[in-house]
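1. Quick one: sequence plus predicted model below, questions after.
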Amino acid sequence: MNCDIIAVGSELLTPYRQDTNSLYLTAQLNELGVRISAKTIVGDRREHLVAAVRNALERADIVITMGGLGPTEDDLTREAVAEALGVRLRRNQEIVAALYARFAARRIQITDNNTKQGDVLEGAEALANASGTAPGQWLDTVHNGHRKLVVLLPGPPSELKPMFEGEVLPRLVATIPRRYFATRTLKVAMMGESACDARIAPIYRSYADVETTILAHLGDIQLNLIATKPTRAEAQQRVDALASAIEEELDDVLYSSNGETLERIVLYHLELAGATLATAESCTGGLIAQRLTSISGSSRSFLGGAVVYSNELKTLFADVPTEMIAEHGAVSRDVAVALATGIRARVGSTFGVGVTGIAGPGGGSDEKPVGLVYIAVSDGTTTEVVEKQFSGDRDRIRQYSAQQALDMVRRRLLVARG
């Protein structure tokens with residue numbers, strides 16, 4: 001089964017408020033094997049909300065709205081859902097009486113507009129709200145010949161979560177067939193999204209029951225595999241089978257088959273090999289070191305690094321000859337190699353990484369444009385160096401450079417292990 005979630009409230013269309021309820025509901029529904037087909041945020045305009053509910057009813061088995069159940073003029077969810085379904089609202093006098101009693105117990109004068117919270121969709125059940133005044137609603141109905149579950153929930157998380165867990169979740173468990181999700185996340189470094197898809201599309205297309213999505217970001221590709229089956233074991237078997245086929249095709253360009261970050265994988269291989277690493281970074285400004293040290297226990301393999309932004313520090317901390325910088329320039333293949341070999345020798349690590357480049361936006365020339373980066377990895381015997389021309393803004397160039405450097409270390413370790 002699938003579900004549409006509709007968040008209601010004009011405040012959610014501003015830069016100051018964020019919809020977090022849908023993340024909670026997605027996790028809860030996924031546990032039941034319910035897929036989320038769409039999430040919509042709509043303001044407090046009745047015609048927009050009616051259209052959103054109608055669209056949701058067309059594609060989803062379950063429609064959940066969040067918010068717009070209060071007493072004010074802009075709380076229009078009940079009215080809009082009723083219009084979209086073509087049903088009437090009926091005022092539940094028990095709810096109204098409970099509201100009067102609640103206000104009286106707090107010695108607060110109730111206003112007439114509060115009574116609209118007693119309006120219930122024809123055929124719906126009111127859902128108790130232990131943390132607020134607005135009850136939710138549950139409607140199991142037929143719309144255009146198809147069974148639909150329509151759920152109205154309050155917007156405040158302190159009201160929504162207990163209502164969902166206490167009132168909605170038991171009804172869903174009793175109503176819908178239980179299905180199970182299984183997922184796998186595979187990751188690829190420094191490969192184009194289209195090139196990756198060209199290689200794996202023939203494979204994942206043959207697994208029609210497994211949904212495959214591709215997310216590319218700054219030199220990192222994430223492949224998400226999702227299967228839904230009557231049992232967890234069946235679902236897991238299908239995603240594992242597809243993951244194995246993709247792993248075989250991508251071979252060493254795939255660095256993780258369970259969603260780990262590249263820096264975690266690098267540290268894993270370093271520790272497995274009993275090896276250590278040090279870095280000398282110029283244009284990346286310590287970004288490689290930051291990523292590595294974000295992992296607990298990284299000190300077992302990462303000895304440290306130097307941010308050698310100035311020419312003087314390249315010489316002081318990584319022993320780059322001043323005449324080399326004068327002859328070839330700070331951004332050059334020779335200097336990258338010298339950085340890698342120099343920092344490795346200085347700290348006594350197994351591997352050294354050197355990075356130098358022009359991150360921009362200024363500093364480039366026709367001969368050495370912005371985005372030109374040299375990255376070197378040395379083990380004291382052999383040194384690999386690559387020249388890259390990355391595009392984009394300063395942050396993008398730095399991120400790509402760090403990703404490239406980490407992937408070079410990973411590949412070097414794979415070769416060392418044979």
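-> Nice, I can see it.
2. For residue 321, give me its contacts.
-> In this structure, residue 321 makes contact with 315, 338, judged by C-beta atoms under 8 Å, 6 or more residues apart in numbering. All C-beta atoms are positioned from the backbone trio N, CA, C, and that covers glycine.
3. let's see it at 10 Å
-> Residues touching residue 321, when contacts are defined by C-beta atoms under 10 Å, 6 or more residues apart in numbering, comprise 314-315, 327, 334-335, 338, 342.
4. And for residue 326?
-> Going by C-beta under 10 Å, 6+ apart, residue 326 touches residue 311.
5. ok, residue 237 - how many residues close by?
-> Residue 237 is surrounded by 14 other residues when neighbours are defined as other C-beta atoms under 10 Å.
6. Please tell me I have it right and it contacts residue 207.
-> No. Contact status for residue 237 versus residue 207: not in contact, 11.3 Å apart, counting by C-beta atoms under 10 Å.
7. right, and the pair among the contacts of residue 321 with maximum separation?
-> 327 and 342 (16.5 Å; C-beta to C-beta).
8. Looking only at neighbour counts, state which of these two leads.
-> Set side by side, residue 327 and residue 342 show more neighbours around residue 342, with 25 against 11, by other C-beta under 10 Å.
9. now the helices for the stretch 201-350 of the chain?
-> Under the criterion DSSP state H, counting those that start in this stretch, the stretch 201-350 of the chain carries helices at the ranges 232-250, 262-273, 287-293, 311-318, 322-328, 333-347.
10. list the helices and strands the fourth one packs on?
-> Based on contacts counted as 3 or more C-beta pairs under 10 Å, 6 or more residues apart in numbering; DSSP states H and E, the elements that helix 311-318 packs against are strand 277-281, strand 302-307, helix 322-328, helix 333-347, strand 351-357.
11. can you put those in a markdown table and add mean pLDDT?
-> As requested, the helices and strands packed on helix 311-318 are arranged in a markdown table below (pLDDT from 0 to 100):
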| stretch | mean pLDDT |
| --- | --- |
| strand 277-281 | 98 |
| strand 302-307 | 97 |
| helix 322-328 | 97 |
| helix 333-347 | 98 |
| strand 351-357 | 98 |
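12. Can you tell me which of the helices of the stretch 201-350 of the chain is most buried?
-> Mean neighbour counts were compared across those using mean count of other C-beta atoms under 10 Å; the top stretch is helix 333-347, at a mean of 24.
13. Off-centre distance for that helix?
-> Counting by C-alpha atoms, centre = their mean, to the nearest Å, helix 333-347 is centred 36 Å from the centre of its parent chain.
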